[in-house]
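Asks: Could you work out the structure for the sequence below:
(2 chains)
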Amino acid sequence: MAENGAKATVTLEIDGVEVTVPSGTRVIEAAEHVGVVVPRYCYHPGIPTRPAQCRMCLVEVEGRPKLEPSCTLQAADDMVVNTASDTARTARQSVIEFLLVNHPLDCPICDAAGQCMLQDYAYVTNQLESRVDEPKRIMGRDRISDDILYFADRCVICTRCVRFMRDVAEDDSLIVAQRGDKAYIDTFPGRELDNPFQGNIVDVCPVGALVHEDFVFKARSWDMDAAASVCPGCPTGCNVTIDTKENQIVRVKPRHNAAVNSWWMCDYGRKHLVMTNRGVRAELPLIRAGGGDGDGGELRPVDWATALDWVAEKIGTLGAPGGSAVVSPDASNENLFYLRTLLDRLGVGDADFRVPQGETAELPTVPTLKLRADRAANAIGAGFFGGRSVDGPPNGSAGGALVVLDDELEGAGEDFGASADFFLYLGTRLPGAARNADAVLPIATFAEMDGTFTNFEGRVQRFHQALRPPGLARPAWMVLSRVLARLGDGEAVDDVRGAFERMAAQAPAFAGLTWDGIGLKGAPAAGSAAEAAGVAGSAEAGA
Amino acid sequence: MSFPHGSDLETTTRLSRHQGEAEARTLEGWRARGGYEALRRSLDMSPAEITEVVKASGLRGRGGAGFPTGLKWSFMPKDDGKPHYLCCNADESEPGAFKDREVIRWTPHLLIEGCLIASRAIGAEHAYIYVRGEFFEETQVLNAAVVEAYENGLAGEGILGSSWSCDVTIHAGAGAYIAGEETGLMNSLMGNRAEPWAKPPFPAQAGAFGMPTTVNNVETLAAVPMILENGADWYRQWGSEESPGTKLWSCSGHLVRPGNYEFALGLPLSDIIFDACGGTPSGKPVKAVIPGGSSTAFLTGDELDCATTYEGLAEAGSALGTASPIVMDEDTDIVAAMRRIAQFYAHESCGQCVQCREGTSWVVRILQRIEAGDGRPADIDTLYELCEQMTGRTICVLADSVVFPLESSLDKFRADYEARMKPTLVAAG
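Replies: Residues are numbered from 1 along each chain as shown, chains lettered A, B, ... in the order given. Here you go, the predicted model:
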């Protein structure tokens, strides 16, 4: 935001290191360029307002009599900033001590323990003992919305939550009530906190004051594992972190990606992601091979080698090419690629997919972040691999081969697939409509494997395994590569890199992309809207 | 009595000379006393000329900080095409101060005239008078005067037949000390919580409603008409080089004649306390005086010879502040007095800055414990350290305001604190 005639960059010194940053950069951000993270509470890079009220980020600036808040101080030429001088250090220490006047030391039962900015700074500033032995102020807790609890005593009144709602979500429902050390966060009188993006206030809380009710007392931070992932709730593809404990998803948090979701995600996504991994799962390969030599009879569980050999053999003996396929628009690019390779071999053209529709929601100040009507993670990817968006119940009455990839076959009749020559069902679950399948191969959900989705504007984004798949379930790309290998087409792959590499070599949309090159922020598919100068929101996917 | 006393000491009633005269409240009565002549004169002057006169007079802000008024006005951008605003700070809430209230109550037209002249000087199209919410009667008086001014072409479109227009709006405050801090006042005026904001932006860059704004105290603006009418040199016949003019004094505490006075700046503080106000009713020596309202440092009974100017009281280790001495005689419990002052600041902290929100209430808890006889010798060191950590670290100076009396009371009345300490057990033998 350089004014007319102003320089584009400024050069200053922070903790003895010279750094050049764009004009208008605040010192707190300039410091990050030299690896100095100035402690902060009220400052949040995703919230535009900076009240400079927590006084935690005060730094010493040569030639200035008072310490300055680095969150609002503009970097200027020849400025000499010291974030670690005795004065700055003592000021920070005193802020921590002041906060501990009333903050309860209930870390042993606090859900933020281990990921708490007050706890961390108390350790960093070496204040494990407090001089305060006056009685603390007691305020109690409140249910601030139908799914968020507010522990008022733990609150440091940084107002990040209030400002997220007001300045990012443009919803005035949250306020600071009362004043002084009796101040607390509340909903505006007569208003309810009921916003599709309100879950973000929990993520911005630097301490354990705001907690999702479904997370309270559920997991200690050090017992959790985290995996970088992508929300499959809609084609936006918000970058997320999945926190798991004992192979269960306990929490989903947004992961920063300036091109997609900024720092935020919607509440629908959070809940949807947890739900996709609940329920009874298909855990064993099943084939309809009679005992001894004949086929037919009941589906029976077998090991993978037997199942894959049998499926490959059946496919190899199919007569005339042709058939049909039903795929899930939530399948990963790799799954869809390997399926397409198999379908081409079977002579199957279009693969039908159905995209459920839902309510939309927008975060006013972040145009790229929307809860889109299409409730599918990868309809664009399905389109790359011969997918065809259809309405109505799945059609399973054709002859020839019938392959279903993880579609729950809602609305399918009793005789779905009965007339197919060979009905192969690959699924995470086992719906009733798969009863006529000749083989059922159990596959992993997106959270149980590595892979990529293509979002609404063609951005290919990586997600990583967060959970172990149940039973013998395996990623579909792993399973299908083995079926194809048995048919003499390529090699069995065990690593997502191998799967992605083959896809990039053969599918034009992925030409030039590599697994490592995509990184954790994604990269545009060839010819996509995202590639065309990354214009956001220019191509709504699907219907 | 609400208007200035007669006293043994010579008062210089310029600004307050019509206080106590009921007719002065009406436009007719005010005009009969020469009212709005200064406004008429200002219409023939350019904004820069008005600012020059006020600059030359040396008038300093009467709200406590003492910033030169003309200089403040000159910070307002010229010809920037934006609307400018004047905010008159009538949120008088400093414990000890009750001078602005009398200006409003007796001479509302004086304030309106001052607001209009200042508005003209800074190019403001709208003057907001932010009146403390508790000032119910004063708000009514002021409202009536504003209505009269509008009806007689003294406010609104084409003032006094000129081409210049300026609106005047009375805004009743929402009841908080911190609404008297200039950025807190503007936030409150805009309908937000009365929370000070971190500068920059300064009011003259982006103040009320994001536009260039000047905030002036009631007494400051009330002094403007007489300066304009009589000239800067006339105003400088009183006071010192750095503190010219006359000043209203709100004297309270252990005094025979407490109340409002107007003196030329520069008298010895002891003259005001003993001659004008008659000393203590008990006849006992003065133990302590907080000279400028509760947020200034304590002076002991031996330190009252200082000159009552901005520089004189600063030299004595305190401040002129709002010129509201609170006098305490020998029987006063300094610990209890300090605890009460600290409670006020803890109650009035807006709660933004950690040092202020938590520090003020921590200080109260320590002082309460000492007052109850449960103090520990280490408490004094802790209080000193809190003073250090609460100074100059926050958005506004509310935290500093409790430090001035606290630190000075520790320095000057340490024995009072120590006398309340629990005896420390010493190992026998």
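
Asks: And for the residue of the stretch 351-500 of chain A found nearest chain B, the neighbour number?
Replies: Closest to chain B within the stretch 351-500 of chain A is A:T365: 18.4 Å, counting by CB to the nearest CB. All C-beta spots, glycine's among them, are computed from the backbone N, C-alpha and C. By other CB atoms under 10 Å in any protein chain shown, 15 other residues sit near A:T365.

Asks: now B:E148
Replies: By the other CB under 10 Å criterion, the neighbourhood of B:E148 contains 19 residues.

Asks: mind listing what it touches?
Replies: Residues in contact with B:E148, defined by CB atoms under 8 Å, 6 or more residues apart in numbering or on different chains, are B:26-27, B:109, B:154.

Asks: before we move on, back to that, count the residues that sit near the closest residue to the residue of the stretch 351-500 of chain A closest to chain B other than its chain neighbours.
Replies: Nearest non-adjacent residue to A:T365, counting by CB to CB, 6 or more residues apart in numbering or on different chains: A:V168, 5.2 Å away. Using other CB under 10 Å, A:V168 has 25 other residues around it.

Asks: so A:V168 makes contact with A:T49?
Replies: No. Using CB atoms under 8 Å, A:V168 is not in contact with A:T49, being 9.3 Å away.

Asks: Now for residue 111, how many residues are close by?
Replies: Here I'm looking at chain A. Close neighbours of A:D111, defined as other CB under 10 Å, add up to 23.

Asks: Let me rephrase: I mean chain B.
Replies: Number of residues near B:L111 (other CB under 10 Å) recorded here: 26.

Asks: same question, A:L58
Replies: Burial of A:L58 is recorded as 27 neighbouring residues (other CB under 10 Å).

Asks: do the same with A:S328
Replies: 26.

Asks: how about it, what does it touch?
Replies: Residues near A:S328 by CB under 8 Å, 6+ apart: A:353, A:405-407.

Asks: OK, contacts around B:A155?
Replies: Contacts for B:A155 were tallied using CB under 8 Å, 6+ apart; they are B:112, B:116, B:146, B:149, B:166-168.

Asks: do you know how far it is from B:V146?
Replies: According to CB to CB, to the nearest Å, B:A155 stands 7 Å off from B:V146.

Asks: go on, A:A420?
Replies: For A:A420 relative to B:V146 (CB to CB), the value is 88 Å.

Asks: lowest-pLDDT helix or strand in chain A?
Replies: Among the helical and strand segments of chain A, the one scoring lowest on mean pLDDT, DSSP states H and E is strand A:295-301, with a mean of 82.

Asks: Which stretches in the stretch 251-400 of chain B count as helices?
Replies: Assigned by DSSP state H, counting those that start in this stretch, the stretch 251-400 of chain B shows helices spanning B:269-270, B:310-315, B:334-348, B:354-371, B:377-389, B:398-412.

Asks: Enumerate the positions of stretch B:203-222 that are buried.
Replies: B:203-204, B:206-208, B:211-222 (16 or more other CB atoms under 10 Å in any protein chain shown).

Asks: quick one, the longest helix anywhere in chain A and helix B:354-371 angle?
Replies: Criterion DSSP state H: the longest helix present in chain A is helix A:86-102. Computed with axes from the mean of the first three to the mean of the last three CA atoms, to 10 degrees, the direction of helix A:86-102 lies at 60 degrees from that of helix B:354-371.

Asks: Say whether chain B is contacted by the next helix-or-strand element following helix A:86-102.
Replies: Sequence-wise, the next helix or strand downstream of helix A:86-102 (DSSP states H and E) is helix A:117-124. No. Using CB under 8 Å from any CB of the partner chain, helix A:117-124 never reaches chain B; the gap is at least 10.8 Å.

Asks: Okay, buried residues for helix A:117-124 please.
Replies: Using 16+ other CB under 10 Å as the test for burial, helix A:117-124 gives A:117-119, A:121-122.

Asks: low pLDDT regions in chain A?
Replies: For chain A, the stretches flagged by pLDDT under 70 are A:1-6, A:290-296, A:533-543.

Asks: Spell out which residues of it are next to chain B.
Replies: A:51-56, A:58, A:65-67, A:69, A:72, A:90-91, A:94-95, A:98-99, A:101-102, A:131-132, A:134-135, A:137, A:156-157, A:175-176, A:178-183.

Asks: Relative to chain A, how far out is the residue nearest the centre of chain B?
Replies: Nearest to the geometric centre of chain B sits B:G63, at 3.0 Å (CA atoms, centre = their mean). Using CB to the nearest CB, to the nearest Å, we find B:G63 at a distance of 21 Å from chain A.

Asks: Which strand or helix spans that residue?
Replies: Going by DSSP H and E, B:G63 is not part of any helix or strand.

Asks: Would you mind giving me the confidence score for it?
Replies: Note for B:G63: predicted pLDDT of 94.

Asks: what does the stretch 301-429 of chain B put close to chain A?
Replies: Residues of the stretch 301-429 of chain B lying close to chain A (CB under 8 Å from any CB) are B:346-355, B:357-362, B:365-366, B:369, B:382, B:389, B:392-395.

Asks: Sorry, wrong one. I was asking about the stretch 101-250 of chain B.
Replies: Residues of the stretch 101-250 of chain B lying near chain A by CB under 8 Å from any CB: B:176, B:178, B:193, B:195, B:197-198, B:200.
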